[in-house]
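Participant: Here is my input; please provide its structure:
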Amino acid sequence: MLLKFCAFLLTGCVCFAQSPFRDRMAALLNPSTGAWNEQQIANMEKLRDAALSDRYALTELRHLTDNIGPRLSGSAQASAAVEYVAAEMRALGAEVQLEKTTVPHWVRGAETGALTKWPGQAPGTTQKIMLTALGPSVATPPDGVTAPVIAVDSFDELRRLPAGAVKGKILLFNKPFDKELAAMGDGDAAYGQAVVYRGAGPVVGASLGAVAVLVRSVGGADYRLPHTGGTIYADGRPKIPAAAVTAEDADLLAHLSKQGEVEMHLVLTPQTLPKVESYNVIADWKGSEHPEQIVIVSGHLDSWDLGTGAIDDGAGVVVSMQAIHLLKMLGVHPKRTIRFVAWMDEEQGSEGAQTYVQEHAAELGNHVGALESDLGAGHPGGVSYTGKPELEQWLRPVAHVLEASGAAALNRSDEVGEDISFLNHKGVPGFSPTQDSRFYFNYHHTAADTFDKVNPRELNENAAVMTVVAYALADAAEPAPR
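Facilitator: The predicted structure follows:
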């Protein structure tokens with residue numbers, strides 16, 4: 001009866017003619033195979049099912065996080081990770097190359113903060129402030145700096161202060177992370193609203209004569225965890241020490257400073273050492289008909305140093321590795337080459353991604369698509385894409401395959417990955433899993449970014465999206481619209 005009713009809607013009811021509802025119903029009842037034949041759709045289904053049950057990505061992630069550990073650009077761990085991933089990809093039978101790039105080498109030192117004066121202070125006491133240096137912060141003097149604290153909630157509030165109000169002080173930007181927005185599933189937008197203070201705060205503070213800048217941690221966890229991350233210094237402007245304080249301590253500083261003078265002693269001893277050579281790991285699963293045409297599947301291998309980089313971005317690397325693993329396991333060789341890339345230095349400037357675009361400039365016309373996973377390992381509800389609007393229709397048969405793992409939604413986005421954005425700007429279509437970001441920023445860039453935060457089932461769901469979309473791009477009758 002239901003099918004007859006649906007057929008009536010599709011053929012006989014004028015009120016639904018040419019409507020989006022009618023189109024969706026038609027697609028559900030008679031799904032098209034689009035740019036693929038029935039055998040290729042069957043291959044997608046096999047890859048999806050294999051991804052959902054395979055433990056390869058989980059095993060690789062455990063080694064990257066527990067055995068190698070944090071992978072800050074320029075560090076010994078980052079170098080060890082390059083060698084390990086390259087060896088694993090060679091073991092799969094992929095053609096591996098290490099693409100040289102030059103990366104920053106910033107080393108975190110001691111970092112302490114304490115209140116030395118505040119309203120209501122008991123004689124002879126201090127209050128510890130939990131903080132962590134932002135990369136690539138400069139150091140304080142060896143004995144630290146002691147100065148009054150001034151707190152603002154926004155750049156607008158800062159502009160309203162009297163001239164000279166910030167000079168000689170430690171400036172705190174107390175911009176809260178929007179937890180309600182994150183709880184609605186848009187943690188990335190909440191992050192974007194707050195991270196501008198981490199990025200621009202030190203330059204703004206220095207221009208007003210501040211001796212140091214503190215930024216409220218850009219994240220949702222209330223466990224007195226500071227969130228590190230990169231900041232940006234401007235050429236020709238003074239560089240002042242910069243750190244992130246926990247949400248609890250940011251509120252403490254703001255509350256006390258409204259009551260009277262608050263003074264703080266800050267010690268940061270990071271070092272910026274000469275840049276060093278590192279590598280993107282590139283591994284090709286060669287195409288059977290058009291090996292010169294490339295589909296990238298990728299994540300970034302570097303991480304911050306507080307945790308072990310499980311969700312940012314060990315998970316993205318291993319689900320991309322698993323795509324090659326599954327192709328080998330099932331004996332699938334698509335028409336075009338699927339190229340695994342483990343990017344180096346996304347966290348401190350994306351030097352690896354920029355090197356890739358420079359080194360492969362003459363080949364970018366043959367790059368038919370690029371995937372990146374860099375928003376953790378939460379359940380993927382679908383595929384995000386950037387490029388022509390026609391990509392949505394082109395992807396519908398792929399989304400139909402992914403419906404079985406709950407990943408059927410198609411979402412157009414301005415950006416789907418920091419590293420592949422350099423390719424997207426050259427016209428290469430970009431894709432990523434649309435990941436659940438409600439909890440990602442509770443752990444992102446903190447000491448809590450560890451292996452236990454990854455749900456094995458959801459990691460496999462991400463591997464299914466990455467593998468199926470990569471195969472679809474690589475084996476389609478014609479390249480995706482660009």
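
Participant: What strands flank the host helix or strand of P274, and is each parallel or antiparallel?
Facilitator: P274 is located in strand 271-285, with elements delineated by DSSP states H and E. Note on strand 271-285: by DSSP bridges, its sheet partners are strand 95-107 (antiparallel), strand 336-343 (antiparallel).

Participant: buried set for the longest one?
Facilitator: Buried residues in strand 95-107, counting neighbours by 16 or more other CB atoms under 10 Å, are found at V96, E99, T101, T102, V103, P104, H105, W106. Where you see a C-beta, it was placed from the backbone N, CA and C, and this is true even at glycine.

Participant: May I have it as PDB, with CA atoms only?
Facilitator: Output of strand 95-107 as PDB, limited to C-alpha atoms (Å, rounded to 0.1, in the frame of the first residue of the first chain):
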ATOM      1  CA  GLU A  95      54.600   3.200  -3.500                       C
ATOM      2  CA  VAL A  96      56.000   5.400  -0.700                       C
ATOM      3  CA  GLN A  97      58.000   8.600  -0.900                       C
ATOM      4  CA  LEU A  98      59.000  11.000   1.800                       C
ATOM      5  CA  GLU A  99      58.500  14.600   0.700                       C
ATOM      6  CA  LYS A 100      60.900  17.000   2.400                       C
ATOM      7  CA  THR A 101      59.500  20.100   4.000                       C
ATOM      8  CA  THR A 102      60.900  22.600   6.500                       C
ATOM      9  CA  VAL A 103      59.100  23.000   9.800                       C
ATOM     10  CA  PRO A 104      59.200  25.100  12.900                       C
ATOM     11  CA  HIS A 105      61.000  23.700  16.000                       C
ATOM     12  CA  TRP A 106      59.400  25.300  19.000                       C
ATOM     13  CA  VAL A 107      60.100  23.600  22.400                       C
END
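
Participant: Now that we have the strands paired with strand 271-285, can you turn them into CSV and tack on distance to S413?
Facilitator: Compiled in CSV, these are given as follows (distance: least, CB to CB, whole Å):
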stretch, distance to S413
strand 95-107, 26
strand 336-343, 19
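
Participant: Now render those strands as CSV, adding distance to A315 and mean pLDDT.
Facilitator: Shown next, in CSV, are the strands paired with strand 271-285 (distance: least, CB to CB, whole Å; pLDDT from 0 to 100):
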stretch, distance to A315, mean pLDDT
strand 95-107, 21, 98
strand 336-343, 12, 98
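
Participant: Would you mind giving the domain segments of the protein?
Facilitator: Domain segmentation of the chain under automatic domain parsing yields 34-105+274-475, 109-269.

Participant: Next, the distance between the ends of the last one.
Facilitator: Yep, that's domain 109-269 we're talking about. Start-to-end span of domain 109-269 (CA to CA, to the nearest Å) is 5 Å.

Participant: Hmm, G381 and A399 touching each other?
Facilitator: No. The pair A399 and G381 does not pass the contact test of CB atoms under 8 Å, sitting 10.7 Å apart.

Participant: got any residues that touch both of the two?
Facilitator: Overlap of the contact sets of A399 and G381 (by CB atoms under 8 Å, 6 or more residues apart in numbering) consists of A407, A409.

Participant: which residue is nearest the centroid of the protein?
Facilitator: Closest residue to the average C-alpha location of the chain: D374 at 3.3 Å, with CA atoms, centre = their mean.

Participant: how close does it get to H444?
Facilitator: Look at D374 and H444: by CB to CB, to the nearest Å, they are 11 Å apart.

Participant: can you list residues touching both of those two?
Facilitator: By CB under 8 Å, 6+ apart, D374 and H444 have these common neighbours: D312.

Participant: mind checking which of the strands paired with strand 271-285 is nearest T228?
Facilitator: The minimum distance between T228 and the strands paired with strand 271-285 falls on strand 95-107, with 10.8 Å, by CB to CB.

Participant: After the closest one, which helix or strand is next?
Facilitator: Following strand 95-107 in sequence, per DSSP H and E, is strand 111-117.

Participant: Describe which strands the helix or strand just after that next one pairs with in its sheet and in which direction.
Facilitator: Sequence order places strand 127-129 as the next helix or strand after strand 111-117, per DSSP H and E. Looking at strand 127-129 with DSSP bridges, its partner strands are strand 111-117 (antiparallel).

Participant: Can you list the buried residues in the partner strand?
Facilitator: Under 16+ other CB under 10 Å, the buried positions of strand 111-117 are E111, T112, G113, A114, L115, K117.

Participant: list the contacts for the nearest residue to A243 once chain neighbours are set aside?
Facilitator: Nearest non-adjacent residue to A243, counting by CB to CB, 6 or more residues apart in numbering: L131, 4.5 Å away. For L131, the contacting residues are E111, T112, G113, L214, P226, A243, A244, V245, T246, D249, L266, by CB under 8 Å, 6+ apart.
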